[in-house]
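*Asks:* after the sequence you'll find the predicted model.
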Amino acid sequence: MSAFTYDRVMDRPPRPIFWWIAGGLGILLLFGTQGFRQLYSAWREKVRLDKALAGLRSDHERLTRESHWIQDPAYTEYLIRKNLGYVKKGEVEYLLVQPQKGSERRRSTVK
């Protein structure tokens, strides 16, 4: 008898009330109170903010490392020499100038 009941349930056509409720919920989700569009906009904003946060974390790590480096006197001296052009007393600074392309003198070749 139980097999007979199971077969009867499976042969039953789908109920139209289920499809009306599912369709109504779908329409409400898509168009009701800006539901789906607002959800999609919030999701895009979250993705954008996550990318910005990753960039800020990267900058924070770099600046933290650099702040530790600046406390080192050797690194501070390196930065001053590189960026400001300072030399120590008694040192000789050599300035290497590369000739410009238009001002090179042509050498004559003798045949």
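*Replies:* Arrived safely, thanks for sending. A quick note: this is a predicted structure, and the numbers were derived from the prediction, not measured.
*Asks:* residues in contact with the residue nearest in space to the middle of the chain?
*Replies:* Nearest to the geometric centre of the chain sits residue 51, at 4.1 Å (Cα atoms, centre = their mean). Neighbouring residues of residue 51 by Cβ atoms under 8 Å, 6 or more residues apart in numbering: there are none. Glycine gets a C-beta too; all of them are placed from N, C-alpha and C.
*Asks:* for this protein, just list every one of the strands.
*Replies:* If DSSP state E is used as the criterion, the chain turns out to lack strands entirely.
*Asks:* find the least confident helix or strand in the chain, judged by mean pLDDT.
*Replies:* Each helix and strand of the chain was given a mean pLDDT (mean pLDDT, DSSP states H and E); the minimum falls on helix 2-10 at a mean of 55.
*Asks:* follow-up on the earlier one: how close does the residue nearest to the centre of the chain get to residue 57?
*Replies:* As judged by Cβ to Cβ, to the nearest Å, residue 51 and residue 57 stand 11 Å apart.
*Asks:* cool, and residue 85?
*Replies:* With the distance defined as Cβ to Cβ, residue 85 ends up 34 Å from residue 57.
*Asks:* so what's residue 76 closest to, chain neighbours aside?
*Replies:* Beyond its immediate neighbours in the sequence, the residue positioned closest to residue 76 (Cβ to Cβ, 6 or more residues apart in numbering) is residue 70, lying 6.0 Å away.
*Asks:* near that neighbour, how many other residues are there?
*Replies:* Close neighbours of residue 70, defined as other Cβ atoms under 10 Å, add up to 11.
*Asks:* please apply the same query to residue 73.
*Replies:* Residue 73: 8 surrounding residues under other Cβ under 10 Å.
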